[in-house]
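> show me the folded form of this:
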Amino acid sequence: VATLVVMRTAALACAVTGGPRRMLARGSMGGCHRLLSKRSTYYMTSLPAQGQDLNEMFQVFAAPDAHDAPLPSGTRPVPLPLRKARGDVHRDGDWHRSVHVWIVNSKGELLMQKRSPHKDTNPNMWDVSAAGHITAGDTSLSTACKELEEELGLRVAPKILDRAWWCTVPSSASGETAAHGPFVCNEFQDVYVLLAPEEVESAGGLQLGADEVSAVRFVCAAEVLDAWERSESQFVPRPQHYSAQLKAALLKLGFSH
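Sure, this is the predicted structure:
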């Protein structure tokens, strides 16, 4: 199993604490984002290729009462007595769970990943820092930790990531890929917002999972929010209530736009 030890993990502990309010820079995409460099203060080993397992089993859940708002505090998706394979769930549009982990640096830039061309939904598009479905029997927190390591090579302590949880957002999307055909993806997305350690802001230190992620870059949060509003084709679309929740989380961390 590939491992990566994160130095100065205390920096991640400020993920849900306040701080001096900072303005999110605006400007052209070309001037606002940057590719991460290879230099690193992390110890890394190569991650094995995992591939896209369409037979991965998902727990199926009842549809939400409201599709355009986060779940009320203290509530969780209601499981049904049914588990189905990933491919069947995306074919049939069943409600299932996933995690979204956003990494934000001190400039208010969000780490974006370009999804692998092998993905069964939204291949080759820019998306959340790390994300993944919750396999039947797994928890949100364990899945978030796993996806950070598999996709970015980051090992984050569960207690630190747990404090970065923000909300659960229902989201629906549909489309078609050349490799996998049409899909309908109805998800309960657990959103985490994690403040990046200093080393990641300028140096990277990320080991990308070959079959999950093809590239990463930091993008001004304001540009990401605007791209969603304009429905820019290179970004995985996010509904307005998702965008509003991410903006609120950034405000709590001390960023405004």
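
> quick one, strands of the stretch 151-257 of the chain?
Along the stretch 151-257 of the chain, the segments classed as strands by DSSP state E, counting those that start in this stretch run 165-177, 181-195, 213-220, 255-256.

> for the longest one, packing partners?
In other words, strand 181-195. Contacts defined by 3 or more CB pairs under 8 Å, 6 or more residues apart in numbering; DSSP states H and E place strand 181-195 against helix 86-92, strand 95-104, helix 140-147, helix 158-162, strand 165-177, helix 240-252. For every residue, glycine as well, the C-beta is placed using N, CA and C.

> right, and the ones you listed - which one's nearest F183?
Counting by CB to CB, F183 lies closest to helix 86-92 out of the helices and strands packed on strand 181-195; the figure is 4.2 Å.

> how many neighbours does A85 have?
Residues lying near A85 (other CB atoms under 10 Å) number 14.

> so what's it bridging to?
M57 (DSSP bridges).

> pretty sure it sits against Q59.
No: A85 is not in contact with Q59 according to CB atoms under 8 Å; the separation is 11.8 Å.

> in the stretch 101-250 of the chain, where is pLDDT below threshold?
Low-confidence regions of the stretch 101-250 of the chain, defined by pLDDT under 70, span residues 198-199, 201-205.

> ok, the nearest residue to N122 once chain neighbours are set aside - contacts?
Nearest non-adjacent residue to N122, counting by CB to CB, 6 or more residues apart in numbering: V236, 4.7 Å away. Taking CB atoms under 8 Å, 6 or more residues apart in numbering, we find V236 in contact with R115, N122, M125, W126, D127, V128, A173.

> most neighbours among these, please name it.
V128 (27 neighbours).

> nearest residue to it in space, please, no chain neighbours.
Using CB to CB, 6+ apart, the nearest residue to V128 is H100, at 4.6 Å.

> and the one you found, how many neighbours?
Using other CB under 10 Å: H100 sits among 24 other residues.

> that one reaches F188, doesn't it?
No: in this structure H100 lies outside contact range of F188 using CB under 8 Å: 10.7 Å.

> list the contacts for P64?
L71, P77, W95, P170, F188 are the contacts of P64 under CB under 8 Å, 6+ apart.

> out of the helices and strands packed on strand 181-195, flag the one nearest A227.
Across the helices and strands packed on strand 181-195, closest to A227 is helix 240-252 (CB to CB), at 10.0 Å.

> and stretch 178-191, what's buried?
By neighbour count on 16 or more other CB atoms under 10 Å, the buried set for stretch 178-191 is H180, F183, C185, N186, E187, F188, Q189, D190, V191.

> on that earlier part again, quick one: closest of the strands of the stretch 151-257 of the chain to G137.
The nearest among those, by CB to CB, is strand 181-195 at 15.9 Å.

> neighbouring strands of the closest one in the sheet, and parallel or not?
Short version: by DSSP bridges, strand 181-195 pairs with strand 95-104 (parallel), strand 165-177 (antiparallel).

> tell me what the helix or strand just after the first one is packed against?
Secondary structure here is assigned by DSSP states H and E; on that basis, the next helix or strand after strand 95-104 toward the C-terminus is strand 109-115. Contact partners of strand 109-115 among helices and strands, from 3+ CB pairs under 8 Å, 6+ apart: strand 95-104, strand 126-127, strand 213-220, helix 221-230.
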